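# dropping a prediction and its sequence here:
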Amino acid sequence: MEFDVALTALIFVVTYAIIATDRIDKTVAALLGGTAVVVLGVISQEEAFGAIDLNVIFLLAGMMVLATILRRTGFFQWLAIRSVKVAGGDPFRLLIVLSVVCAVLSAFLDNVTTVVLLAPVTLYISSVLHVSPLPFLISEILASNIGGTATLIGDPPNILIGSASGLGFVEFLTNLGPIALLILLVFLVMCRVLFGRDLEIHADVRDAVLALDEREVLNDVWLLRVSLLVIGGTLSGFLLATPLGLEPGSIALLGASILLLISRLDVEEILREVEWPTLFFFVGLFMLVEAVVHVGIIEALAVALIDLTGGDPTITSLGLLWLSGLASGVVDNIPYTATMIPVVNHLGQAGMPIEPLWWSLALGACLGGNATIVGASANVVVANMAGRAGHPITFQAFLRYGILVAAVSLVMSSAYLYLRYLL
Amino acid sequence: MTGRYSLARQTPVSACQQRLAIEMLLVGADDDLLVVMRRSAEQPQTRLIGVIGEDGKMVGVLPIHRLAESVVSRVAPEALLSDISGAVDVARFGHSVEARVVRDVMVEPAVVQPEVTIDHAFRQMRVRRLSGLYVVDADGRPTGYLDLLELVLMYVDALESSPPAPSG
């Protein structure tokens, strides 16, 4: 047994180190780690495959299909141009409107899709207004991660936590929604200080941006209406999932199937656009983490945590929040959350009130992602994209804004957790 | 090796390069895109613009559709916005919007030497999704232009001059 513990710990550490350093593709690393524990006999194949949370996989896959079809309609570009019109061509007002749009969309759709597809209009507008697109792109990233915190489907860590804890869409919305909204409002106020000076323009260029015609970017109005209807129905389905005894994964798959049926789009083409690497990344992680639980490492970690905090729920919850926030700033928050979920389960079994711990983990993992450019998928994708478009977002440039927003978010979350659950 | 295939593997680019007598269109990396667009319109047969450095060597090529994208994106960006579906498209759009000189939108040189085969030239055009290539001398200076149509005409000739291969 001791050999199994050492072997599993070694595989786990090596896999996570590879993921963190990006030396090998993270999906390959997770799958290698996940299959290694099976091939080396740490856990059986049945145990490994049984640990793959199909609710998480199907929820992600279903939402990816819905987002893929929606983005084909030109909806995101339409929304971005509408935002320009609402802002009246004023760059700072536009930054605020786009941040709000990003936050709201990210609460219900994939963060990366949202930020990437709002970016082209952002790049165009900043070019016409002769301002740097970086304040817009950075604020969209930050707002996206804040918005994604609000719901069960907003960010992958929440999907993982929701599936493992049994907490549903309503619970996430009512527990994380208020604090996410509050943080967003404070963030919007902070934007004036953070970005206001970079967005001064000459008045005579405003007309050029207002000349954009949002109707021209819609590819298929019928498909847009149907997509929004089905996505709306799917979101309503999430609200009803728990009373109906259904998992969110079933609801998302049902929504995706209905939209594929109605849209009559080429199913193979749509499914090719599903982010299979992300889904297989989760598969590998589930298998690997199951081995870590099986050999007792997680239980030992939980006991050590209880010893460290003296079993005090307040210290444990707030400690978990900040640990998660700091960890998510430097490592991928998905493997971090996958590992911490069984730890939280053990803490609950040891008699600690478990609900505040789930919210601590969710808030820390999601909001901590804002601290650095590598903290969340949306950050990395937008940074790469901006670099290729000739506007590199350096680690330091992002850190100036990200670390401050993440710190303020975690302080606010600490106060919220304490006042609502721990007082 | 069949007769048709040996044609592809043995015919040098120089054998078909001047069939349509399409002239080179050479510009500098710092030339204004709008000026280049005007020059291109005066020579519409050349669908791939060659970009040369001060030493006369090829430093890049500019496909007409990329040039068109950069001009259209400044006037009616909606036409390009509606097709964007991912990060790569966004980056390309971002480049197009801000492009003002050739250097901003040109791509790696697409060149062949006159002695390489038309099979090699066709594969290069296909991989790079280009409709032409520049023929260069040993020093990398352009000596001519090879259009996809000139190359394909060689295959058309071969098809028309030999009996069809048996089916089944």
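Everything's here; your move. Remember, it's a predicted structure, so these values are computed and weren't measured experimentally. Numbering: from 1, shown residues only, chains lettered A, B, ... in the order given.

# alpha carbons only for contacts and neighbour counts from here, please
Noted.

# what number of residues lie near A:Arg420?
11 (other C-alpha atoms under 10 Å in any protein chain shown).

# what's the pLDDT at A:Lys85?
A:Lys85 is assigned a pLDDT of 87 by the prediction.

# need the contact list for A:Glu273.
A:65, A:68 (C-alpha atoms under 8 Å, 6 or more residues apart in numbering or on different chains).

# meant to ask about A:Leu422, not that
Counting by C-alpha under 8 Å, 6+ apart, A:Leu422 has contacts A:313-314, A:356.

# distance of it from chain B?
43 Å (C-alpha to the nearest C-alpha, to the nearest Å).

# ok so, going back, just the contacts of A:Leu422: which are in helices?
Among those, DSSP state H puts A:313-314, A:356 in helices.

# pick the one among those closest to chain B.
Distance to chain B across these (C-alpha to the nearest C-alpha) is lowest for A:Pro356, with 37.1 Å.

# am I right that the closest one is in contact with A:Leu417?
Yes. Using C-alpha atoms under 8 Å, A:Pro356 is in contact with A:Leu417, at 7.0 Å.

# excluding covalently adjacent residues, which one is nearest to A:Gln77?
A:Leu118 (6.1 Å; C-alpha to C-alpha, 6 or more residues apart in numbering or on different chains).

# find the nearest non-adjacent residue to the residue in the stretch 251-400 of chain A that chain B sits nearest to, please.
Scanning the stretch 251-400 of chain A for the residue nearest chain B gives A:Ala389, at 4.3 Å (criterion: C-alpha to the nearest C-alpha). In space, and not counting its chain neighbours, A:Ala389 is closest to B:Ala91: 4.3 Å by C-alpha to C-alpha, 6+ apart.

# give me phi/psi at the one you found?
phi -60, psi -40 (degrees, to the nearest 10).

# lowest-pLDDT helix or strand in chain B?
helix B:3-10 (a mean of 72; mean pLDDT, DSSP states H and E).

# do you know how far A:Val170 is from chain B?
Separation of A:Val170 from chain B (C-alpha to the nearest C-alpha): 31 Å.

# typo on my end, A:Arg197
In this view, A:Arg197 and chain B are 22 Å apart by C-alpha to the nearest C-alpha.

# and for that residue, the neighbour number?
Neighbours of A:Arg197 using other C-alpha under 10 Å come to 9.

# enumerate the residues of chain B near chain A.
Neighbours of chain A within chain B, by C-alpha under 8 Å from any C-alpha of the partner chain: B:76-79, B:81-88, B:90-95, B:97-98.

# do that again at 6 Å, thanks
Proximity of chain B to chain A, by C-alpha under 6 Å from any C-alpha of the partner chain, involves residues B:78, B:82, B:87, B:90-91, B:94-95.

# middle-most residue in the chain, spatially?
In the absence of a named chain, chain A is used. A centroid search over chain A (C-alpha atoms, centre = their mean) returns A:Asp155, at 2.7 Å, as the residue closest to the centre.

# sorry, should have said chain B
Note: chain B centre (C-alpha atoms, centre = their mean) maps to B:Gly132, 3.2 Å.

# thank you kindly, that will do.
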